[in-house]
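In: I'd like to go over a predicted model; first the sequence, then the structure.
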Amino acid sequence: MRNTYLVTYDVCDDKRLRKVFKTMRNYGDHLQYSVFERQFTPIDLAKCKFDLGELIHHGEDQVLFIDLGPSEGRGDRVITALGKSYTPLDAPCIVV
């Protein structure tokens, strides 16, 4: 069974930030700066946590996994915004 997750991160070092971003691009859909959405099986989730755990500094950085529940039967994704409107990112992002 797959659950949908939002994965967000706050990484203090630019070098680690780029590595985390590149790793997350392999796992999920980039929604906004440090926010990704992904459907994970329990095994996929464990692998993602392991991969990110190898990159971050556990005393300085933070990665949050927000479980949105089962992927099946959820219907379409609905994202609303306050302020600037939400625009899906179809183009590759470049982190310098």
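Out: It's in. Numbering: from 1, shown residues only.

In: how about the contacts made by Ile66?
Out: Residues near Ile66 by CB atoms under 8 Å, 6 or more residues apart in numbering: Tyr5, Leu6, Val7, Thr8. Where you see a C-beta, it was placed from the backbone N, CA and C, and this is true even at glycine.

In: so which bits of stretch 19-39 are buried?
Out: Going by neighbour count (16 or more other CB atoms under 10 Å), the buried part of stretch 19-39 is 19-21, 23-24, 27-28, 30-31, 34-39.

In: what residues does the helix or strand hosting Arg38 touch?
Out: Using DSSP states H and E, Arg38 falls within strand 35-40. By CB under 8 Å, 6+ apart, the residues outside strand 35-40 that reach it are 2-8, 24, 27-31, 44, 48, 71, 77.

In: tell me how far it lies from the chain's centre.
Out: Centre-to-centre, strand 35-40 and its host chain are 5 Å apart (CA atoms, centre = their mean, to the nearest Å).
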